[in-house]
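A.B. asks: Here's a sequence, model it:
(one chain, ligands or ions: 1)
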Amino acid sequence: MTDPSASWTIRHFSQANPAGEGQYDVPALLRRVADTLEELGPVDVQDVVFHQDLDGEGDERPSMTVYFHPTVTFDDVRNLFTPFFRDATETADVDFTVEDSGADEGGVYVLVNAADGTGDGFRFDRQGRGDDSAAFALECFDVLQETVHEVLARRGRSGPWPPCPTHGHTHKLTTAWQAESSSRAWWACPDGGPVVPIGELPAS
Ligand SMILES: [Zn+2]
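C.D. replies: Residues are numbered from 1 along each chain as shown. Alright, predicted model coming up:
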């Protein structure tokens with residue numbers, strides 16, 4: 001089983017009290033660590049380790065190491081959507097914009113608008129980063145693919161979008177996550193596998 005956490009780097013910081021009076025003060029150290037965490041902004045703490053290391057005087061000096069990763073932000077979500085938007089613009093002439101609808105403990109909320117006013121709201125799990133949020137982006141793309149169809153239908157255009165380029169296929173491409181090859185989302189033929197990375201559909 002693939003560990004989704006392997007796709008992003010866990011960061012860490014180590015902290016001790018300044019040398020001198022009070023350097024052994026564990027409550028003070030805990031407060032320093034709390035302050036540092038608050039300064040980091042939205043992060044998901046994975047682990048906190050307490051150490052007692054011998055200093056040059058032979059005394060134990062406490063320190064703490066905190067392992068964390070940043071949580072999903074609106075910019076992360078926009079970056080995931082951008083290649084899809086490019087394909088919609090270049091191959092279907094449907095322009096999308098993504099709006100920041102705020103964030104709370106539960107997630108990052110975004111509203112995706114098509115140029116004709118159709119809007120779809122999505123919530124990204126704040127803790128889901130890397131492959132987790134990319135997998136959820138695929139679910140969003142399924143919804144947005146329907147939106148493209150609706151917009152095209154209102155313009156009097158029917159048919160699959162994007163059409164499968166494989167000879168004899170008249171269905172639409174679906175989206176798939178190709179973690180093993182390139183950690184990217186691809187357009188794929190349901191019968192024939194990956195066709196082209198999302199964001200690189202040939203302009204029509
Ligand atoms: Zn096909």
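A.B. asks: For Asn17, see how far away Val98 is.
C.D. replies: When distance is defined by Cβ to Cβ, to the nearest Å, Val98 is 45 Å away from Asn17. Yep, even glycine has a C-beta here, placed from its N, CA and C like the rest.
A.B. asks: what number of residues lie near the nearest residue in space to Phe68 that is not next to it in sequence?
C.D. replies: Of all residues beyond its chain neighbours, the one nearest Phe68 is Val43 (4.4 Å), with distances taken as Cβ to Cβ, 6 or more residues apart in numbering. Applying other Cβ atoms under 10 Å, we find 14 residues neighbouring Val43.
A.B. asks: got it, and Thr91?
C.D. replies: With other Cβ under 10 Å as criterion, Thr91 counts 16.
A.B. asks: Might you report the residue contacts of it?
C.D. replies: 161-162, 201-204 (Cβ atoms under 8 Å, 6 or more residues apart in numbering).
A.B. asks: now swap in Pro42 and tell me
C.D. replies: 70-71, 73, 103, 126.
A.B. asks: Selection in ChimeraX covering whichever of these are buried, please.
C.D. replies: The following ChimeraX line selects those of the contacts of Pro42 that are buried, judged by 16 or more other Cβ atoms under 10 Å:
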select :71,73,103,126
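A.B. asks: still on that earlier bit, touching, the residue nearest to Phe68 and His69? I think so.
C.D. replies: Yes. Judged on Cβ atoms under 8 Å, Val43 makes contact with His69 at a distance of 6.6 Å.
A.B. asks: Now do the phi/psi pair for Gly156.
C.D. replies: Its backbone dihedrals place Gly156 at phi 80, psi 10, with angles given as degrees, to the nearest 10.
A.B. asks: what's the answer for Arg155, then?
C.D. replies: Residue torsions, per degrees, to the nearest 10, at Arg155 are phi -90, psi 0.
A.B. asks: Tell me how many other residues surround it.
C.D. replies: Count around Arg155 with other Cβ under 10 Å applied: 12.
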